[in-house]
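Student: Could you work out the structure for the sequence below:
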Amino acid sequence: MKDDQAWLAKSPRRTKCRLVAIVGGSGAGKTWLADAIQKEVGEGVTRLSEDNFYLDRSDLPSALRERVNYDHPRALDWPCLERALQACRLGRTFRVPRYDFATHTRLARGDRHRPQAVTIVEGLWLWRRPSFRQLFDLRIFVDCPVRVRLVRRLARDAAERGRSRDSARRQFWKTVAPMHDRYVAPQAAWADILLRKSPGSAQVKQLADHVRALKEERN
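Tutor: Prediction:
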């Protein structure tokens, strides 16, 4: 881990909610880590996922929707995500879109999000834009071997997104892996904390201590 005090010193004092980013490739374990940290810290922590902010493709025929590269940063509704993060930092309640990956469309009504002391945000490309990097008080990057990410991706796509293992495997090698190398992996350079292997319970506790420090600082 990098110097523990460096990121704390840069944390802005006037925001009402501290933002923690967990970035890594598809299948890297971002959601698992966010769950583990939230459980360890307890009250005062909310969650957001970049997955909710994909562009609505309901204007396209189904056949054309399948041809969109959803592993490219252009697939995201960046203005909507930025508004949400800004509102979160100010402690303002806002609506989070709900996205259906099976149809590549946004559902009718979003969910209400009420920020607390800390919000953990997970995603693929949260630090691609310089303006976004500055929104986060702590940045964690999860590195993970490509074969491990593939196995996890196959299991998730079959269970949650209605895709066959063959189609999910083809998509992984056609777009997921190359887009990861081009757009996701380079973001490790902007991490405050770089995880090169799946964290154990002791390291999860360390990360939770960092988040707890932000929570106490905000309070």
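
Student: residue contacts, D100?
Tutor: By CB atoms under 8 Å, 6 or more residues apart in numbering, the contact set of D100 is R106, L107. Using the backbone N, CA and C atoms, a C-beta is placed for each residue, glycine as well.

Student: Just the pLDDT at it, thanks.
Tutor: Looking at D100, its pLDDT reads 93.

Student: What spatial separation is found between it and R74?
Tutor: Using CB to CB, to the nearest Å, D100 is found at 19 Å from R74.

Student: cool, K39 as well?
Tutor: 34 Å.

Student: same deal with D157?
Tutor: 21 Å.

Student: More neighbours: which of those two?
Tutor: The neighbour count for D157 versus R74, taken as other CB atoms under 10 Å, is higher for D157 (21 against 10).

Student: Walking through this structure, point out its strands one by one.
Tutor: With strands called from DSSP state E, the chain shows them at 18-24, 45-49, 94-96, 99-100, 105-106, 111-113, 118-123, 138-142, 193-195.

Student: Can you name every helix or strand that the third one contacts?
Tutor: If contacts are counted by 3 or more CB pairs under 8 Å, 6 or more residues apart in numbering; DSSP states H and E, strand 94-96 sits against helix 78-89, strand 111-113.

Student: which of those sits most buried?
Tutor: helix 78-89 (a mean of 18; mean count of other CB atoms under 10 Å).

Student: which residues are contacting that helix?
Tutor: 15-17, 19, 48, 50, 53, 93-94, 96-97, 113, 115, 119, 121, 129, 131-132, 135.
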